[in-house]
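Enquirer: Build the 3D model from these lines:
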Amino acid sequence: MTSRTLQLSNKRVAHYLEQGTGEPLVLIHGVGMQALAWYPQIEALSSEFRVISVDMPGHGRSEPLEPGVGLQQFVEWAASFIEALDMGPVNLGGHSMGSLIAAGIAVTRPDLVKRVAVLNGVYRRTAQARVAVLSRAAELRSGAVDVATPMQRWFTAEESQRVAAQRVESWLKSVDLCGYATAYTAFANGDDVYAEGWNTITCPALVLTGSDDPNSTPAMATQMAQAARHGHAVVIDNERHMVNLTAPREVNRALRAWLQTAPQTENHEVEV
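Expert: As a prediction, this is how the structure comes out:
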């Protein structure tokens, strides 16, 4: 894959990985990760699509946003990135916080989005879940980084998950703390920013999660898919939050089906 940088309209530099040719597929990772966190999808889908995986601001080699910004500023940044690519409307996928950004673009800039995929997204957290993420955001802003807790929540001890877990752990340990804290704070406060806008999303919308993800729950996925005009929920059994890494075959199969969906197709079914 090729490493590239792109100067956006706000003069900030965005870094991304690119592989393949054809219809563009832009992927946005979750908080604490980097563009390479989509490696199973880049490898599998670049034979058919031009896959572009971007480092979120303050992650990898992309310049950060100012501390204290909210989800809206991350959405505006991503919209500027898509505009700077100058490819027209793109297929847009996001994971975790990246899914909040992708949904935000689908709501606010539908002219930039041909299809949208939301993986392990959050939607209207419970009060208890909101307290937990706000507490973690405060810890990060204070300089405390707890890598062990998310790793235990995201992965099992199975040997099949060892390589993915090691990569994720290395990314969490190497991420810029200020960029991480800024993004996580926006993530913690962002689950309902665009929630009311889901019913305005008219492009094909894939909403995917793992059955065992306690924070990006199957119920959330179903609610988002039902709210969208052409939404389709997929729940992968026995999987957690990093489902694109731990169940790449199932995720890539769902993404291929989504990428073949015609804009007028409507589906509110849930697959398990």
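Enquirer: For the chain, just list every one of the strands.
Expert: 2-7, 13-19, 24-28, 50-54, 90-95, 113-119, 205-210, 231-236, 270-271 (DSSP state E).
Enquirer: And the helices in the stretch 51-200 of the chain, which stretches?
Expert: 71-85, 97-108, 127-141, 148-154, 162-174, 177-188 (DSSP state H, counting those that start in this stretch).
Enquirer: right, so of these, which gets closest to residue 19?
Expert: helix 71-85 (14.5 Å; CB to CB). Placement of C-beta: from N, CA and C, glycine included.
Enquirer: Off-centre distance for the closest one?
Expert: 14 Å (CA atoms, centre = their mean, to the nearest Å).
Enquirer: What is that helix packed up against?
Expert: Applying 3 or more CB pairs under 8 Å, 6 or more residues apart in numbering; DSSP states H and E, one finds that helix 71-85 contacts strand 2-7, strand 13-19, strand 24-28, strand 50-54, helix 97-108, helix 177-188.
Enquirer: The same query, at a cut-off of 6 Å, please.
Expert: Under the contact criterion of 3 or more CB pairs under 6 Å, 6 or more residues apart in numbering; DSSP states H and E, helix 71-85 touches helix 97-108.
Enquirer: returning to what we had before: now mean neighbour count and mean pLDDT too, for the helices of the stretch 51-200 of the chain, in JSON lines please.
Expert: What follows is the helices of the stretch 51-200 of the chain, written out as JSON lines (neighbours: other CB atoms under 10 Å; pLDDT from 0 to 100):
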{"stretch": "helix 71-85", "mean neighbour count": "20", "mean pLDDT": "97"}
{"stretch": "helix 97-108", "mean neighbour count": "26", "mean pLDDT": "98"}
{"stretch": "helix 127-141", "mean neighbour count": "15", "mean pLDDT": "92"}
{"stretch": "helix 148-154", "mean neighbour count": "14", "mean pLDDT": "92"}
{"stretch": "helix 162-174", "mean neighbour count": "15", "mean pLDDT": "95"}
{"stretch": "helix 177-188", "mean neighbour count": "23", "mean pLDDT": "95"}
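Enquirer: To residue 250, which of the ones you listed lies closest?
Expert: helix 162-174 (14.0 Å).
Enquirer: And the closest one, how far out from the chain middle?
Expert: 17 Å.
Enquirer: What lies in contact with it?
Expert: 32-34, 147, 151, 155, 245-246 (CB atoms under 6 Å, 6 or more residues apart in numbering).
Enquirer: Direction-wise, compare that helix with helix 177-188 and give the angle.
Expert: 110 degrees (axes from the mean of the first three to the mean of the last three CA atoms, to 10 degrees).
Enquirer: how about residue 50, what does it touch?
Expert: Residues in contact with residue 50 (CB under 6 Å, 6+ apart) are 20-22, 24.
Enquirer: Give the bridge partners for it, please.
Expert: For residue 50, the beta-bridge partners are residue 24 (DSSP bridges).
Enquirer: can you tell me how far residue 64 sits from residue 14?
Expert: 11 Å (CB to CB, to the nearest Å).
Enquirer: So for the two, which sits in the more crowded spot?
Expert: Taking neighbours as other CB atoms under 10 Å, residue 64 and residue 14 compare with residue 14 leading, 24 against 17.
Enquirer: distance between the ends of stretch 34-41?
Expert: 14 Å (CA to CA, to the nearest Å).
Enquirer: CA atoms only: put stretch 136-153 into PDB for me.
Expert: Extracted C-alpha coordinates of stretch 136-153, given in PDB (Å, rounded to 0.1, in the frame of the first residue of the first chain):
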ATOM      1  CA  ARG A 136     -12.200   7.700  30.800                       C
ATOM      2  CA  ALA A 137     -12.000  11.000  28.800                       C
ATOM      3  CA  ALA A 138     -11.100  12.900  31.900                       C
ATOM      4  CA  GLU A 139      -8.400  10.300  32.800                       C
ATOM      5  CA  LEU A 140      -6.900  10.800  29.400                       C
ATOM      6  CA  ARG A 141      -6.900  14.500  29.600                       C
ATOM      7  CA  SER A 142      -5.100  14.200  33.000                       C
ATOM      8  CA  GLY A 143      -2.300  12.200  31.300                       C
ATOM      9  CA  ALA A 144      -3.400   8.700  32.500                       C
ATOM     10  CA  VAL A 145      -3.400   6.000  29.900                       C
ATOM     11  CA  ASP A 146      -5.000   2.600  30.700                       C
ATOM     12  CA  VAL A 147      -4.300   0.200  27.900                       C
ATOM     13  CA  ALA A 148      -5.100  -3.000  29.700                       C
ATOM     14  CA  THR A 149      -8.800  -2.300  30.300                       C
ATOM     15  CA  PRO A 150      -9.900  -1.700  26.700                       C
ATOM     16  CA  MET A 151      -7.700  -4.700  25.600                       C
ATOM     17  CA  GLN A 152      -9.600  -7.000  28.000                       C
ATOM     18  CA  ARG A 153     -12.900  -5.600  26.800                       C
END
